[in-house]
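> got a sequence here, can you model it:
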Amino acid sequence: DNTLAEALARLVSLDVGLDGTFDSLTESYNRALSGTGLNLQGLIIEDGSGLSKYNQASPEQVNNLLKLIDADYGDFEVILEGMPVSGTPGSLSYRFEDAVGSITAKTGWIRTGYTLAGFLDTPDQSRLIFTVYNLGDVTASNREAMDDLVMGFYDCGSTLVNR
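The predicted model follows:
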């Protein structure tokens, strides 16, 4: 819900002592996440909804945030609770039909590409964290290619490791 995300971003700004404006969002995210150990260098937040093409959060930053969520950091479980799950109502309801209930991920779409980041509970009982950006042409085939890549991660399970 983009409107809710925008409102929450403004509330974070106010909570960390800023004025709740668009101009305050990058600083408010930096302040709110300062104690997490995340490398926030280069993070730019132009809007809270995530719709601005000027927002800049690297895949590494997103993936490291997911690691904190997975490690039950602070009250970050609320982020997980709000993420879409494959095969349930929401933005993943019709995607990943071979992995219903096993993919929990935040979807993203703007005029310059697609993103998907979250958790895979794989058939071999492993849990993988992933972040995929598919930037360029916004076409159904490009989104499907991204989904196919994520399904490849899912099918690999624990045999997919960082090397």
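> could you check how far L51 is from L160?
For L51, the distance to L160 (Cβ to Cβ, to the nearest Å) stands at 31 Å. All C-beta spots, glycine's among them, are computed from the backbone N, C-alpha and C.
> kindly report the same for F76.
Distance from F76 to L160, by Cβ to Cβ: 24 Å.
> what of V132?
Counting by Cβ to Cβ, the gap from V132 to L160 is 13 Å.
> same thing with L18?
Per Cβ to Cβ, L18 is found 40 Å from L160.
> any weak-confidence spans in the protein?
162-163 (pLDDT under 70).
> burial check on N2, number of neighbours?
11 (other Cβ atoms under 10 Å).
> identify the residue nearest it in space, chain neighbours excluded?
Nearest non-adjacent residue to N2, counting by Cβ to Cβ, 6 or more residues apart in numbering: S49, 3.8 Å away.
> give me the number of residues near that neighbour?
By the measure other Cβ under 10 Å, the count of residues near S49 is 17.
> same check, this time on A105
With other Cβ under 10 Å as criterion, A105 counts 24.
> ok, now which ones touch it?
M83, P84, S86, L92, L116, A117, G118, F119, F130, V150 (Cβ atoms under 8 Å, 6 or more residues apart in numbering).
> V138: which of these is nearest?
Set against V138, the nearest of these by Cβ to Cβ is L116 (13.7 Å).
> would you map the strands across this structure?
Using DSSP state E, the strands found in the chain span residues 103-110, 113-121, 127-135.
> could I get the first one in PDB with only the CA atoms?
Listed next in PDB are the C-alpha coordinates belonging to strand 103-110 (Å, rounded to 0.1, in the frame of the first residue of the first chain):
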ATOM      1  CA  ILE A 103       8.100 -17.200  -0.900                       C
ATOM      2  CA  THR A 104       7.700 -14.100   1.200                       C
ATOM      3  CA  ALA A 105       8.800 -11.100  -0.700                       C
ATOM      4  CA  LYS A 106       8.300  -7.400  -1.300                       C
ATOM      5  CA  THR A 107       7.500  -6.600  -4.900                       C
ATOM      6  CA  GLY A 108       8.500  -3.400  -6.600                       C
ATOM      7  CA  TRP A 109       7.600  -1.800  -9.900                       C
ATOM      8  CA  ILE A 110       8.400   1.600 -11.300                       C
END
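> I'm done for today, thanks for sticking with me.
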